[in-house]
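Novice: Pasting the sequence and the predicted model now:
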Amino acid sequence: MATADQIKSLIRSYSEEDRERFYSIALQVAAHEAKQGHASLAHEIRGLVDNHRKRTHHGLTVVPFPQELKGLVVSENPDIPFKSLVAPRATLDRFHRVIKEFYQRGKLQQHGLFNRRRILLAGPPGTGKTMSARVLAHELKLPLYTVQVDRLVTKFMGETSAKLRQIFDVMAQKQGVYFFDEFDAIGGDRSLDNDVGEMRRVLNALLQFIELDQSDSIVIAATNNPKLLDPALFRRFDDVLYYSLPDESERKHLIELVLGTFLSGRFSWKNVLETCNGLSQAEIGSACRDAIKEAVLHDKSRVTENELIENLDQRREVYSGL
């Protein structure tokens, strides 16, 4: 039988989400059992570890979804903590409320109440909507299932609604955070002149699926333009969070977070923060990582103000041509 130290190490590595250490200790347990003459148990433990490793690759877990949904849902186990999310305090507080209610959902249910499960994220590209879904999945210790909405919509009558039904059926069987990006592709306003009958039927089906969903999974929908969504969708969500470009304090916090130890002690924040004006969180983060790469390649341990500004300007030039 596993030693007390091995059991404690297994629990510690699991709680710290250190998958490789967990595997290593499990194999040590298998080796220990083999020495004790328990060959069958040792073989079973090794088989369990090998099978799970085959299903896991760079944080992506292959989940046996129905064949019809192959390629439509991407699964991952994110490791992005809450502190990595840069957003206004009010947004962070409401996001934290979702996490708090999830962990205390049993207490709420005793009073006939339910935790927030359906969240709509709205805001410009690069402001943190996808990262928020990953952070939430990590904080709730649930897998993240990203629905490829652009692949979900097909030209065949009834096929899109059928696939949506399958996704909601899976949602009831596999608890997780289900992320629908570019949600307006299936949730568009039915009153728009260019709307077609099939997409109206898809939206009607979607409204019904959301209304009837009583699973333990979390549904997150994201859109860059909430004005494109049908008004009936908004009341189907428990909370709507609006994202925007970062203000000055958020820009500074983001730069400090990404640069970390590469942040130079002689930083003229005024010039840097002015250069960030108009850039999204994703663009600023990418510029910081580009600056770190250059520092590493030149054997430098710090990123200077001018080096970061140069990379920020390059990001601005890339997007200015779009």
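Specialist: Perfect, I can see it now. Numbers count the residues shown, from 1 in each chain.
Novice: What ranges does the stretch 51-200 of the chain have for its helices?
Specialist: Taking DSSP state H, counting those that start in this stretch to define them, one finds helices in the stretch 51-200 of the chain at 89-103, 105-109, 129-139, 149-152, 159-173, 184-187, 197-212.
Novice: Quick one: residues contacting Leu10.
Specialist: Contacts for Leu10 (Cβ atoms under 8 Å, 6 or more residues apart in numbering) come out as Ala2, Phe22, Ile25, Ala26, Val29. Just so you know, the C-beta spots here come from the backbone N, C-alpha and C atoms, and that holds for glycine as well.
Novice: farthest-separated two in these?
Specialist: The span of those, defined through Cβ to Cβ, is set by Ala2 and Phe22 at 13.0 Å.
Novice: Which one's more surrounded, the two?
Specialist: Applying other Cβ atoms under 10 Å to Ala2 and Phe22 shows that Phe22 carries more neighbours, namely 20 against 17.
Novice: Okay, and the more buried one sits in which element?
Specialist: helix 19-35 (DSSP states H and E).
Novice: thinking again about what came up before, now, which of the contacts of Leu10 sits nearest Leu279?
Specialist: Phe22 (39.3 Å).
Novice: tell me the contacts of the residue located most distally from the centre of the chain?
Specialist: Going by Cα atoms, centre = their mean, the residue of the chain most distant from its centre is Gly37, 44.8 Å out. By Cβ under 8 Å, 6+ apart, Gly37 lies in contact with nothing.
Novice: Tell me the secondary structure at it.
Specialist: Going by DSSP: H, G, I helix; E, B strand; the rest coil, the secondary structure assigned to Gly37 is coil.
Novice: Same question for the one 10 residues further on.
Specialist: When states are read from three-state DSSP, the local structure at Gly47 comes out as helix.
Novice: measure it to Pro78 for me?
Specialist: As judged by Cβ to Cβ, to the nearest Å, Gly47 and Pro78 stand 27 Å apart.
Novice: Compare these two and say which is more crowded by neighbours.
Specialist: Each of Gly47 and Pro78 has its neighbours counted (other Cβ under 10 Å); Pro78 has more, 18 against 11.
Novice: So for the more buried one, what's the nearest residue that isn't a sequence neighbour?
Specialist: Nearest-residue entry for Pro78: Arg134, 3.8 Å, with adjacent residues in sequence omitted and distances by Cβ to Cβ, 6 or more residues apart in numbering.
Novice: pLDDT score for that neighbour?
Specialist: The model reports Arg134 with a pLDDT of 94.
Novice: Report the contact partners of it.
Specialist: Per Cβ under 8 Å, 6+ apart, neighbours of Arg134: Glu76, Pro78, Ile80, Leu144.
Novice: Equivalent analysis for Ala287, please.
Specialist: Applying Cβ under 8 Å, 6+ apart to Ala287 gives the contacts Leu279, Leu308, Asn311, Leu312, Gln314, Arg315.
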